[in-house]
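Colleague: quick one, what's the 3D model for this:
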Amino acid sequence: MWTSTYYGFYEYWELRHKVTFDGVNRLILVNEGVTELDAQIDLYSDWKEWTRLRDNLKYEPAFSTVGGEPTIEGQKLDVTYFLINGWKIKPYSGQYTLNIVGNLFDVDGGEIKVPADINPLFPNNITINTQTSVIVRQLNPQIDFNPTIEVSGSGLNSDESSTLTSIEGSVNDLTGSFTGFSQEINNISSSIIDINDDIITVNQELSTINGTLFEISGSIVEVRNILQQPVTASLVSSQLAILQEIQGKVDELHRLKGLQPANPLTVTRTKRIAGDIDQDITYVSASNTTTIQRV
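Modeller: Numbers count the residues shown, from 1 in each chain. Purely as a prediction, here's the structure:
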């Protein structure tokens with residue numbers, strides 16, 4: 001989806017994000033056709049995925065977060081996201097309404113966006129709605145614990161009052177321990193989410209590698225079968241032809257990944273060109289499909 005609108009960053013197309021991160025200019029570019037963004041999923045989580053591409057960790061961080069701390073009994077602060085280090089959201093040109101769901105603010109209290117590019121033929125008419133979620137949420141009763149003890153002074157002697165005071169202090173200490181335990185669980189949950197994101201990325205890369213290895217293994221089986229036959233001039237010629245075919249496939253894979261300095265990969269919204277390899281990129285909005293076909 002949004003194949004032709006990733007602002008020239010081809011590798012971001014494979015992530016299927018709703019936005020494209022421009023680390024040089026510190027811009028979060030909304031991809032064409034997107035009208036709703038979730039602050040947690042489409043901005044914060046996808047930014048973390050983007051930082052693992054290339055050497056994107058060299059850029060200043062785009063987000064900081066707060067939230068999850070207990071407030072009053074049975075409730076806690078909702079997670080809030082802040083744009084930091086001058087990062088801003090930039091919508092695409094057009095006439096539409098962009099809804100941003102979740103608590104998202106600029107850390108310095110300024111605007112979270114910059115204006116879209118101006119198209120003199122089609123004036124912009126963009127409305128941005130921010131839909132903040134509730135500030136407090138219910139705590140998990142199986143994890144969070146916050147007991148209280150009320151002590152009345154009437155009818156108690158000094159020993160009883162001292163004992164109750166000691167018990168109250170112990171309960172308060174226990175409450176602090178459970179609060180710390182709850183915060184540790186929240187930290188562990190965040191780490192598990194990050195690990196799951198890493199696993200998804202690794203699985204995608206393994207799928208690509210497996211496809212390449214499967215294609216090469218078929219050619220290797222052909223070579224092995226030929227090597228088991230008696231050696232003749234025609235057999236040697238046939239083997240050389242197969243080896244050249246394998247080499248040609250490997251060279252094409254290198255060019256399609258942009259790994260050959262002499263044959264750089266050029267990607268536009270409608271083309272992928274690497275040396276003599278020319279592919280058309282076609283996006284059909286009706287079926288939300290993208291086709292890449294060699295010319």
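
Colleague: which parts of the stretch 101-250 of the chain are strands?
Modeller: Assigned by DSSP state E, counting those that start in this stretch, the stretch 101-250 of the chain shows strands spanning 103-106, 125-131, 136-138.

Colleague: I'd like the ones you listed as CSV, with mean pLDDT, mean neighbour count and distance to Ile246 appended.
Modeller: For the C-beta atoms, the positions are set from N, CA and C on the backbone; glycine is no exception. Below are the strands of the stretch 101-250 of the chain laid out as CSV (pLDDT from 0 to 100; neighbours: other CB atoms under 10 Å; distance: least, CB to CB, whole Å):
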stretch, mean pLDDT, mean neighbour count, distance to Ile246
strand 103-106, 94, 19, 51
strand 125-131, 91, 13, 52
strand 136-138, 48, 13, 58
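
Colleague: tell me which of those strands sits nearest to Asp198.
Modeller: strand 103-106 (24.6 Å; CB to CB).

Colleague: rewinding a little: need the strands of the stretch 101-250 of the chain in TSV (columns: distance to Arg269).
Modeller: TSV is the format used below for those (distance: least, CB to CB, whole Å):
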stretch	distance to Arg269
strand 103-106	29
strand 125-131	22
strand 136-138	42
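
Colleague: the ones you listed: which one's closest to Thr270?
Modeller: When those are compared (using CB to CB), the closest one is strand 125-131, at 25.8 Å.

Colleague: packing partners for the closest one?
Modeller: strand 95-101 (3 or more CB pairs under 8 Å, 6 or more residues apart in numbering; DSSP states H and E).

Colleague: what strands line up against the strand it packs on, and which way round?
Modeller: Partner strands and pairing direction for strand 95-101 (DSSP bridges) are strand 36-38 (parallel), strand 125-131 (parallel).

Colleague: buried set for it?
Modeller: The neighbour-count check on strand 95-101 (16 or more other CB atoms under 10 Å) flags 98, 100-101 as buried.

Colleague: stretch 216-225 too?
Modeller: Ser219.

Colleague: between the strands of the stretch 101-250 of the chain, which gets nearest to Val34?
Modeller: strand 125-131 (12.1 Å).

Colleague: partners of the helix or strand containing Ile292, with directions?
Modeller: Per DSSP states H and E: Ile292 is located in strand 289-294. Using DSSP bridges, the strands paired with strand 289-294 are strand 277-284 (antiparallel).

Colleague: show residues contacting the partner strand.
Modeller: 3-4, 252, 255-256, 268-273, 289-295 (CB atoms under 8 Å, 6 or more residues apart in numbering).

Colleague: what about that strand, average pLDDT?
Modeller: The pLDDT scores in strand 277-284 average 86.

Colleague: then stretch 31-40?
Modeller: Throughout stretch 31-40, pLDDT has a mean value of 94.

Colleague: circling back: how about the buried residues of strand 95-101 in a markdown table, adding pLDDT?
Modeller: Output for these, formatted as a markdown table (pLDDT from 0 to 100):
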| residue | pLDDT |
| --- | --- |
| Leu98 | 96 |
| Ile100 | 96 |
| Val101 | 94 |
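
Colleague: in JSON lines, list the residues you listed along with distance to Ile195.
Modeller: Shown next, in JSON lines, are the buried residues of strand 95-101 (distance: CB to CB, whole Å):
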{"residue": "Leu98", "distance to Ile195": "32"}
{"residue": "Ile100", "distance to Ile195": "27"}
{"residue": "Val101", "distance to Ile195": "25"}
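
Colleague: for the residue most central in space within the chain, grab phi and psi.
Modeller: Centre of the chain computed as the mean C-alpha position; nearest residue by CA atoms, centre = their mean is Asp46, 2.3 Å away. Main-chain dihedrals, Asp46, degrees, to the nearest 10: phi -70, psi -30.

Colleague: before we move on, what about Thr268?
Modeller: Per degrees, to the nearest 10, the backbone of Thr268 is at phi -120, psi -170.

Colleague: tell me the pLDDT at it?
Modeller: 89.

Colleague: what's the answer for Ile112, then?
Modeller: Looking at Ile112, the pLDDT reads 95.

Colleague: same check, this time on Ile216
Modeller: pLDDT, read off for Ile216, is 81.

Colleague: so who does it touch?
Modeller: Counting by CB under 8 Å, 6+ apart, Ile216 has contacts 246, 249-250.
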